[in-house]
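Asks: only geometry, no sequence info:
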C-alpha cells in the first residue's frame, strides 16, 4: 500500500499494459490520486516505465490482481478520509527522488522488454525455404537421360556489401547459401608469412 501511495502513476501504467479491463479499475483510475500516468519527476517516470515493461506479466495472475485491487481501494479510502496523506506522501516522494532531469535516460525501456525484435521482412525471405527443394530455381547440370546421375550447380555467390551483418551471418550457416570462398587475395598466406 505504501508503494502505491509513493508511486501512484504505476497503477495506470499497469492497468494499460497488463491489460486490466474490469470496470473497477476504471473507477479507481478516475480518482484524483491515480488519474495521471506521469509524475513531475522524469527519472522516476522512466524507472516506473522500465518496471512495468519488465514485470507486467506478474500482474496478470488473478491473486496478484486481487492484492493490487485491495491495496488501491484501501489507498483511496484512506485518502478520502484524510486528504493530507496525499500531500504527505508527495512531499516524501519529492525528498526521496529530487531529480528534475532523467538520470536514467541512458537505459532503454526496450532493453527490459520480453518481446524480441524481428529481422526486416526482406531478410526473412532468404530463410524461409531451401531454394534447392522443389522450386525449380536451380538448373540441373549433366545429361537429360533417365539413367544419368544429375549434379546440381553451385548456387550463385551472394554479395554481402551493404547488407545487415546479422542477416549475412545467419545466411552463412545455411547450406544452400554461397557467400564465396574468400580467395580474393591470391598472395594471402594462411601462416601470415606472405
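Replies: Cool, got the structure. Remember, predicted model here, so these are calculated numbers, not experimental data.
Asks: Now for this protein, the helix or strand with the poorest mean pLDDT.
Replies: For the chain, using mean pLDDT, DSSP states H and E, the weakest element among its helices and strands is strand 140-141, scoring a mean of 42.
Asks: Quick check: the gap between residue 80 and residue 3.
Replies: 19 Å (CB to CB, to the nearest Å). Placement of C-beta: from N, CA and C, glycine included.
Asks: Okay, now stretch 31-48: how far is its last residue from its first?
Replies: 20 Å (CA to CA, to the nearest Å).
Asks: Got the domain ranges for this protein?
Replies: Following automatic domain parsing, the chain resolves into domains at 2-112, 121-172.
Asks: State the distance from residue 23 to residue 165.
Replies: Distance from residue 23 to residue 165, counting by CB to CB: 50 Å.
Asks: Give me the neighbour count for residue 32.
Replies: Residue 32 has 11 neighbouring residues, counting by other CB atoms under 10 Å.
Asks: Tell me the secondary structure at it.
Replies: With DSSP: H, G, I helix; E, B strand; the rest coil as the basis, residue 32 sits in coil.
Asks: Where does pLDDT dip in the chain?
Replies: 99, 116-117, 119-155, 182-194 (pLDDT under 70).
Asks: Where is the longest helix in it?
Replies: helix 62-81 (DSSP state H).
Asks: what's the offset of that helix from the middle of its chain?
Replies: Relative to the mean C-alpha coordinate of its chain, helix 62-81 is positioned 30 Å out (CA atoms, centre = their mean, to the nearest Å).
Asks: The protein: helices as residue ranges?
Replies: Residue ranges of the helices in the chain, as given by DSSP H, are 2-6, 9-17, 23-29, 42-55, 62-81, 84-96, 121-124, 165-172.
Asks: Let me see the contact set for residue 157.
Replies: Under the criterion of CB atoms under 8 Å, 6 or more residues apart in numbering, the neighbours of residue 157 are 178, 179, 180.
Asks: just these now: which is nearest residue 27?
Replies: For residue 27, the nearest member of these is residue 179. The distance, counting by CB to CB, is 60.5 Å.
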